[in-house]
Every structure is written in structure tokens, then in C-alpha cells.
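Enquirer: Quick one, structure for this:
(one chain, ligands or ions: 1)
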Amino acid sequence: MSESVWTDWGSLAFKWLLLVTIPVLYYWIWSRSTFVQLVNAIPGPRPIPFLGNVLDLYVDRDEFLKIVHIDWIRKYGSIYRAWGGTRPVVVISSPELMEPILVSQKLITKAAEYSFLSTWLGECMFLTTGTRWKNRRRLLTPAFHFQILNSFVDVFNEKSFDCGREFERAIVQHGGKEFDVFPIITQCALDIICETSMGKQTRGEDEKALYVQNLHRIGQIVMERGIRPWLRLDWIYQFSALGRENKRCVKALHNFTNKVINDRREALQKELSSPESNNNFNNNYTDHSSNDSLTSKKRLAFLDLLIAASENGANLSDDDIREEVDTVMFAGHDTTASAMTWFLYCLAMHPHHQDLVTEELDQIFGDSDRPCTIQDVAELKYLECCIKETLRLYPSVPAVMRYITEDIHVGGYKIPAGVSVSLMIYGMHHNPLVYPDPQTFNPERFLPENVLGRHPYAFVPFSAGPRNCIGQKYGLLEIKIVLANLLRRFRFSVADPSKPMLIPSSEVVLKPKHGVPLIVSKRAAH
Ligand code: HEM
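Expert: Down below sits the predicted model:
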């Protein structure tokens with residue numbers, strides 16, 4: 001063998017040695033850094049080099065939820081850490097430890113994991129931070145003012161009556177047997193957000209079905225990407241099957257919202273150019289940061305407010321508008337649809353509590369078919385307890401995450417800047433130290449006398465602090481009116497009440513993995 005062959009072999013072996021040695025050396029130095037030592041001072045599952053705890057979490061979506069929200073909290077306590085490759089996440093599940101992070105005016109930056117949503121939602125209010133977030137939040141807050149919400153009550157009633165008619169059709173179609181109620185409720189919630197916040201929209205059934213299908217899939221894609229660290233890298237992700245599917249879903253979702261915006265612009269143009277128009281639209285847009293303007297001018301609903309703002313000099317491009325519309329279309333119906341579906345499921349599994357809700361409804365409405373009013377809503381106390389207990393057991397958003405921008409101390413540990421913190425709403429709501437017998441559906445937990453003494457951050461389905469849910473009041477009002485109208489007319493039950501309660505699938509919004517099959521029957525005299 002010639003000398004040059006040996007030299008080639010030698011240089012190849014040397015290159016391989018370097019290729020292995022450099023990452024190992026880098027990892028060894030990194031693992032001794034103060035950052036890693038501080039994170040590892042917090043208890044948590046044992047990580048393996050380079051992969052961290054990824055293999056522990058390479059499981060099905062419902063199994064994932066059980067591991068991170070139940071098993072590891074039980075094992076390591078209300079604060080634990082886990083490694084997604086070389087990225088740490090500190091996981092918190094007690095009200096005392098969550099409070100300082102939720103109320104902080106500084107810790108308002110979303111964790112890097114949210115960037116998986118950015119091909120779809122761009123730099124919308126939900127994802128962005130700093131001045132951009134503050135400006136957007138201030139611009140959009142008036143669209144959720146109680147005067148606006150009161151004007152939506154008719155739509156909430158009308159759409160819940162439509163939903164009732166869908167249920168009647170489905171009862172006949174399924175011969176009185178079980179059927180999945182989730183699609184019917186989702187349709188109702190989507191119609192409501194389209195008609196309230198987006199102006200009157202008449203979107204076709206196929207179009208809406210396709211939107212919901214793509215939305216559902218993108219929620220799953222984001223979770224799947226989150227538990228595969230190699231897919232965090234955009235240049236790998238975009239060529240992967242999941243990345244290509246992501247692109248297809250986003251295109252379809254944007255098509256839908258672009259049509260929503262264009263149709264509304266056209267409708268407004270027609271209104272403005274009609275002889276009866278008194279050009280209220282542009283006159284009604286004001287910078288709501290001044291209190292005078294709050295009282296002096298009529299308010300605009302969400303999309304009208306965005307369009308008016310862009311036409312009146314606010315710094316809002318067409319993409320900016322689409323991103324906010326995408327966010328509110330999704331956040332404003334997927335969350336309420338999930339909450340209403342889980343509610344019907346909980347009452348179907350617990351007929352005694354359903355009886356108490358219907359007794360309350362019968363006292364207020366009797367046999368009348370009249371719509372539900374804001375005054376009725378205030379009287380529906382037991383219904384509200386059941387809604388809260390549903391949101392405790394099945395919070396539509398199971399966790400919120402923050403990026404820690406400066407070192408903080410929580411629970412006796414120093415969390416260094418650069419870490420992601422996950423605030424486990426689902427985990428805390430199921431933590432036996434916070435709620436005794438947490439798996440049991442018990443709406444009495446939310447009677448005023450039983451709430452006394454409970455930590456104010458023990459129940460946070462809408463998050464809390466500066467980045468809480470902007471649509472909280474909207475969502476609760478919608479849920480109450482729709483559910484009141486449905487329970488006035490229908491009874492919900494399950495074929496086999498002895499089955500254990502369903503475990504949800506961990507997605508951006510908590511979903512029933514295989515739908516929620518219920519038996520729906522018409523109540524006597526309704
Ligand atoms: C059951 C109903 C709802 C639940 C449980 C819920 C829950 C939440 C939670 C937990 C957050 C904080 C997310 C985070 O920090 O990552 C949030 C934010 C948000 N929600 Fe809701 N939501 C609901 C309904 C709605 C509705 C009806 C709308 C709009 C019509 C809406 C719009 C938003 C927006 C725009 C944000 C981002 C706020 C910001 O970052 O400043 N939500 N929601």
C-alpha cells in the first residue's frame with residue numbers, strides 16, 4: 001500500500017476525531033456553565049447528553065399531557081425543570097409560584113416555542129412583545145368594551161338557536177343514538193366570531209369546514225414540532241413532511257381570513273358610498289387612549305376598528321390586519337368551542353348537576369322561548385359554577401409560556417435569563433395540593449363560600465396579569481348564553497356513565513382526542 005493512502009486514511013480519521021471531539025468538549029464545558037448548574041439545581045427528570053428529556057416525551061399527545069401536567073408534578077413538585085435537547089424549560093404549577101411571573105410588567109415576552117405559530121400568525125398581539133404588543137393591545141382593547149359585548153347578545157342568542165336546530169337534525173339523523181357534539185358546537189362558535197368581531201360574514205359551509213380542519217391540524221403540528229428538537233431548526237423543518245404540511249395549512253388559513261377582510265372592506269365601502277351614509281365609520285375611529293374619546297364616540301367592533309385605524313393613519317399594513325384577524329378568529333372560537341363541548345360532556349357524565357342547572361334555568365325562563373338577556377346571565381349562578389368547574393378540569397389553554405429576560409428567584413431557586421418558563425394551568429388545576437380530589441367534577445367548589453380563602457391565582461383559565469386573555473368577558477358571555485339556550489331545550493347524556501372521564505389531547509387548545517359522543521334528547525315541553 002502506498003504512503004499516500006496511509007496519509008489519506010490518517011487525515012480522514014483525524015477529521016472524524018475532531019468531528020466527535022469538538023461537540024463532546026463543547027457539551028462538557030457547557031454542562032459545567034453557571035447557567036446549566038442553576039437550572040439543574042431545580043429537581044427534574046434526569047437528562048441524557050445532547051437529547052435532554054426528549055425521549056421521555058416522545059409519546060402520544062394525551063400521554064404527553066399526563067406526563068408533564070400530572071406525573072412529573074407529582075414526582076418533582078410544583079417547580080421542576082426538563083430539557084428539550086439543550087434548551088431548558090422550568091415548569092411551575094402552584095398559584096404562589098405563578099403569581100410573580102403572571103403579574104410582572106417585565107416578564108411579558110412569550111417563550112421561543114410560540115414562534116412555531118409565527119408562519120401563520122406573524123407578529124400579532126398574541127405573539128409579539130414590548131412596545132409593539134403594548135400598542136396593539138391598547139388599539140384593540142376598545143373592541144372588547146362592555147358596550148360592544150352587549151351589542152353581541154342578539155348574535156349569541158340567534159346562533160345558539162341555529163345550533164339547537166342543528167342538534168335536532170342530528171338527533172333524527174342518528175336515530176336518538178350517541179353522536180359527536182364537537183363539530184356542531186365548533187360551527188356555532190365560528191359563526192359567532194365571524195358575525196360579531198368580523199362584521200356580518202356569509203361564508204359557505206365547505207369553506208368553514210376546511211378552515212376548521214386546517215386549524216385543528218395546525219394545533220397538532222405545533223405540538224409535534226415542539227417535542228422533536230431537530231425540527232426546531234427552520235432549515236430542517238421546512239424540508240420535513242411536517243413543515244410542508246404546515247405550509248399547506250397556513251396557505252389555506254390565510255386564504256380564508258383574506259376573504260373575510262376583503263368582504264368586510266367591500267361591505268364598508270358600499271355602506272359609505274350609499275346616500276344614507278353619514279360617514280359614521282371614519283368619524284367613529286378614535287385613539288382610545290384618551291378618556292374623552294371613550295365616552296364621546298360610538299365604538300367599533302374588532303375588524304372595523306382595525307380597518308378604520310389603518311385608514312386613519314395608524315401604522316397598520318394589510319399583513320398586520322390579517323395577523324390580528326387570524327389570531328382572533330382562532331383564539332375567539334377554538335377556545336370557547338372547546339370549553340362548551342367539555343361542559344356538555346361534564347354535565348352528561350354528572351346528571352345530578354345537570355338537573356340543578358336546568359332547575360335554575362326553568363326558574364328564570366319557565367317554558368318561554370324568549371332570548372337570554374344580560375340580566376338573565378347575571379342570575380345564572382349555578383350555571384357559572386359548572387362552567388368554572390369545567391374550565392378547571394379542562395382549561396381550553398392548558399399552559400402559557402414566558403421567556404425569562406432577566407434572572408428571577410422563584411420557590412427558592414434562581415432561574416437564569418434565557419430559560420423558558422411554562423405555567424401549567426392544567427397541572428395546577430389538577431394539583432391535589434390546590435384542589436383536593438382534583439379529578440372529581442364538583443361545581444360547589446366555586447360557590448362564593450367555598451372560594452373564600454383560596455389563592456386568587458389558583459384558577460387562571462384566562463391567564464392573569466398584563467398578558468391575560470383580552471377576550472375573557474366576551475368568551476364567558478358567549479359560553480353562558482349558548483349553554484343556557486341549549487340546556488333549556490335539550491338533555492345531554494352518555495351511553496355508559498361508568499366509563500372513566502375522557503383524557504384530553506394536548507394541543508395549543510385542549511381538544512377531545514376522538515370527539516365527544518353524547519346522546520342528545522329534547523326536553524319535555526321544549
Ligand atoms: C374559554 C374561552 C377562552 C379562554 C380559556 C382563553 C384563554 C386565554 C389565555 C390563557 C390567554 C393567554 C395566552 C398566553 O399567554 O399564552 C389568552 C390570550 C388571548 N386571548 Fe383568550 N381565551 C378565551 C377566549 C378568547 C376570545 C373569545 C378571544 C377573542 C374574541 C380571545 C382572544 C385572545 C387574545 C387576542 C389573546 C392574546 C392577548 C395578549 O397577548 O395580550 N380569547 N386567552
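
Enquirer: Return the residues of this protein in contact with the ligand.
Expert: Residues of the chain lying near the ligand by C-beta under 6 Å from any ligand atom: 125-126, 137, 197, 327-328, 331-332, 335-336, 339, 396-397, 400, 461-463, 467, 469-471, 474-475. Every residue, glycine included, has its C-beta placed from N, CA and C.

Enquirer: Got a PyMOL select line for the buried ones in these?
Expert: Buried residues among the residues of the chain next to the ligand (16 or more other C-beta atoms under 10 Å), as a PyMOL selection:
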select buried, resi 125+126+197+327+328+331+332+335+336+339+396+397+400+461+462+463+467+469+470+471+474+475
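
Enquirer: So which of the residues of the chain next to the ligand sit within strands?
Expert: residue 400 (DSSP state E).

Enquirer: residue ranges of the strands in the stretch 51-200 of the chain, please?
Expert: 79-84, 87-92, 179-180 (DSSP state E, counting those that start in this stretch).

Enquirer: Could you name the helices and strands sitting against the first one?
Expert: Meaning strand 79-84. Judged by 3 or more C-beta pairs under 8 Å, 6 or more residues apart in numbering; DSSP states H and E, strand 79-84 is in contact with helix 72-76, strand 87-92.

Enquirer: Recalculate using a threshold of 10 Å.
Expert: Applying 3 or more C-beta pairs under 10 Å, 6 or more residues apart in numbering; DSSP states H and E, one finds that strand 79-84 contacts helix 34-40, helix 72-76, strand 87-92, strand 413-415, strand 420-424.

Enquirer: check contacts around residue 80.
Expert: Remark: with contacts taken as C-beta atoms under 10 Å, 6 or more residues apart in numbering, residue 80 is in contact with 42-45, 68, 72-73, 89-93, 424.

Enquirer: ok, the residues you listed vs residue 505, which is closest?
Expert: For the contacts of residue 80, the minimum distance to residue 505 (C-beta to C-beta) is 13.3 Å, reached by residue 68.

Enquirer: pretty sure that closest one is in contact with residue 422, am I right?
Expert: Yes: using C-beta atoms under 10 Å, residue 68 makes contact with residue 422 at a distance of 8.0 Å.

Enquirer: so what's in contact with those two at the same time?
Expert: Counting by C-beta under 10 Å, 6+ apart, the residues touching both residue 68 and residue 422 are 82, 89, 91, 93, 398-399.

Enquirer: how many neighbours does the closest residue in space to residue 224 that isn't next to it in sequence have?
Expert: Of all residues not flanking residue 224 in the chain, residue 242 sits nearest, at 6.1 Å (C-beta to C-beta, 6 or more residues apart in numbering). Other residues near residue 242 come to 16 when the count uses other C-beta atoms under 10 Å.

Enquirer: Need the nearest residue in space to residue 401, chain neighbours excluded.
Expert: Counting by C-beta to C-beta, 6+ apart, residue 401 lies nearest to residue 111, which is 3.6 Å off, once chain neighbours are set aside.

Enquirer: Double-check that neighbour against residue 101; I have them as touching.
Expert: No: the criterion here is C-beta under 10 Å, and residue 111 misses it with residue 101 at 11.5 Å.

Enquirer: Those two: who's more crowded?
Expert: residue 101 (21 against 17).

Enquirer: Could you identify the helix or strand that succeeds the helix or strand of the chain with the lowest mean pLDDT?
Expert: Counting by mean pLDDT, DSSP states H and E, the chain has its least confident helix or strand at helix 291-296, which shows a mean of 37. Using DSSP states H and E, the helix or strand that directly follows helix 291-296 along the chain is helix 302-311.

Enquirer: Check which residues of that following helix are buried.
Expert: Buried residues in helix 302-311, counted by 16+ other C-beta under 10 Å: 302-310.

Enquirer: try stretch 83-93
Expert: Going by 16+ other C-beta under 10 Å, stretch 83-93 has these buried residues: 83-84, 87-93.

Enquirer: if we can go back for a sec, TSV please, covering the helices and strands packed on strand 79-84 and showing mean pLDDT and distance to residue 203.
Expert: Formatted as TSV, the helices and strands packed on strand 79-84 follow (pLDDT from 0 to 100; distance: least, C-beta to C-beta, whole Å):
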stretch	mean pLDDT	distance to residue 203
helix 34-40	97	47
helix 72-76	97	42
strand 87-92	96	38
strand 413-415	98	45
strand 420-424	98	35
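
Enquirer: rewinding a little: quick one: which of residue 68 and residue 422 has more around it?
Expert: residue 68 (25 against 21).

Enquirer: what's the spacing between the more buried one and the ligand?
Expert: 16 Å (C-beta to the nearest ligand atom, to the nearest Å).

Enquirer: quick one: contacts for that residue?
Expert: If you count contacts by C-beta under 10 Å, 6+ apart, then residue 68 has 53, 56-57, 80, 82, 89, 91, 93, 398-399, 422, 424, 426-427, 506 around it.

Enquirer: so residue 440 makes contact with residue 500?
Expert: No: using C-beta under 10 Å as the test, residue 440 is too far from residue 500 to be in contact (12.0 Å).

Enquirer: And those two? Which one has more around it.
Expert: Between residue 440 and residue 500, counted using other C-beta under 10 Å, residue 440 has the larger neighbour count: 12 against 7.

Enquirer: Can I take it that the more buried one is in a helix?
Expert: No: with DSSP: H, G, I helix; E, B strand; the rest coil as the criterion, residue 440 is coil rather than part of a helix.

Enquirer: Nearest residue to whichever residue of the stretch 301-450 of the chain sits closest to the ligand in space, please, no chain neighbours.
Expert: Minimum separation of the stretch 301-450 of the chain from the ligand (C-beta to the nearest ligand atom) falls at residue 332, amounting to 2.9 Å. In this structure, residue 332 finds its nearest non-sequential neighbour in residue 193, 4.3 Å apart by C-beta to C-beta, 6+ apart.
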